[in-house]
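A.B. asks: build the 3D model from these lines:
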Amino acid sequence: MCLAAGAGTRLRPLTDLLAKPLCPVGNRPLLDWAVEALSGATSDLAVNVCHHPERMRAHLAAHHPSVHVSLESPVALGTAGAIGRLRTWLDGRAALVVNADTWHRVDLRPFVHDWDGERVRLVTSTPGPFGPGSGVVASLLPPWAVDRCAPEPSGLWKQIWSPAIDAGRAETVHVVDGDGPVVDCGTPSDYLRANLIVSGGESVIGEGAVVEGAVERCVVWPGSVVGPDEHLVEVIRADGLTVAADQSGRRI
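C.D. replies: I've put the predicted structure just below:
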């Protein structure tokens, strides 16, 4: 399951224009990166949507037609509530869960294939003991953990991860370190960083964008324009909006 229903408030004003899972990294929507990662480990995929639902559903229908879409309305149900809403679809199966806004290149196949099937398993991007500040790349939930998720607003930390650790980490939860780059694209700074990792430090120019001025380590969304008198450094240009890594967006 790909969690893609959040509002993306920390990435505003970009997410006022586009749902965060559709924001491009390396000229590919974050959602497509996440679906690709899941597809290597399983063929049964689900994505939950809430904000900008029509554009999300249209993108999934066009690019991932076999994906099961779980619409959450009027509010997003959170990471645990989203799984609870899909318990009928899961039909007693375990769940592999990723966040659409986390760009990564971690191979999830070994993470799934050597799982014991009984413990909650997590792959993280932060070294040291697992806790509230740990970066979670993916989570494997056995059926008993899925059954604890109700279709109501709640999070996996409160419902599954924290109780499992409190009950005895070695017996109920297994944490492994991710092997590969991982960026939580929650803020403009991190979103820009993910793009620059993909591009090797070069500016990322979207399809149909017009760049007449100079750009350095920037992201220019598809169809956007950089005028001849502009010199942009480490910003995101999106639909007439300029968003610096360390400040809010401004219209031009």
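A.B. asks: drop to CA atoms for contacts and neighbour counts, all remaining ones
C.D. replies: OK.
A.B. asks: wait, Ser199 touches Gly26, no?
C.D. replies: Yes. Counting by Cα atoms under 8 Å, Gly26 is a contact partner of Ser199 at 6.5 Å.
A.B. asks: with neighbour numbers in mind, choose between those two.
C.D. replies: Gly26 (20 against 15; other Cα atoms under 10 Å).
A.B. asks: so what's the more buried one scoring on pLDDT?
C.D. replies: With respect to pLDDT, Gly26 has a value of 95.
A.B. asks: go on, Thr124?
C.D. replies: pLDDT, read off for Thr124, is 87.
A.B. asks: run through the bridge partners of it.
C.D. replies: Val136, Asp177 (DSSP bridges).
A.B. asks: residues in contact with it?
C.D. replies: 134-138, 175-178 (Cα atoms under 8 Å, 6 or more residues apart in numbering).
A.B. asks: from His68, how far off is Ala46?
C.D. replies: When distance is defined by Cα to Cα, to the nearest Å, Ala46 is 4 Å away from His68.
A.B. asks: which residues in the stretch 101-250 of the chain form strands?
C.D. replies: Using DSSP state E, counting those that start in this stretch, the strands of the stretch 101-250 of the chain run over 102-104, 120-124, 136-141, 173-177, 182-184, 204-205, 210-211, 214-216, 219-220, 225-226, 231-233, 235-238, 241-244, 249-251.
A.B. asks: rank the ones you listed by mean pLDDT and give me the bottom one.
C.D. replies: Least confident of the strands of the stretch 101-250 of the chain, judged by mean pLDDT, is strand 249-251 with a mean of 47.
A.B. asks: what about stretch 1-21, start to end distance?
C.D. replies: 14 Å.
A.B. asks: mind starting the numbering at 562 from now?
C.D. replies: Noted, 562 is the first residue going forward, which turns the last one into stretch 562-582.
A.B. asks: that one: which residues count as buried?
C.D. replies: 562-569, 572-576, 579-582 (16 or more other Cα atoms under 10 Å).
A.B. asks: of the contacts of Thr685, buried ones?
C.D. replies: For these, buried by 16+ other Cα under 10 Å: 696-699, 736, 739.
A.B. asks: dump those into TSV; add distance to Arg654 as well.
C.D. replies: Output for the buried ones among the contacts of Thr685, formatted as TSV (distance: Cα to Cα, whole Å):
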residue	distance to Arg654
Gly696	25
Val697	21
Val698	20
Ala699	17
Val736	21
Gly739	24
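A.B. asks: which residue ranges make up each domain of this structure?
C.D. replies: 563-744, 763-812 (automatic domain parsing).
A.B. asks: Serialize the ones you listed to JSON lines and add fields for distance to Leu753.
C.D. replies: Converted to JSON lines, the domains of the chain look like this (distance: least, Cα to Cα, whole Å):
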{"stretch": "domain 563-744", "distance to Leu753": "8"}
{"stretch": "domain 763-812", "distance to Leu753": "7"}
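A.B. asks: which single one of the buried ones among the contacts of Thr685 is nearest to Glu768?
C.D. replies: Val698 (29.0 Å; Cα to Cα).
A.B. asks: where does the stretch 612-761 of the chain have low pLDDT?
C.D. replies: Residue ranges of the stretch 612-761 of the chain with pLDDT under 70: 725-733.
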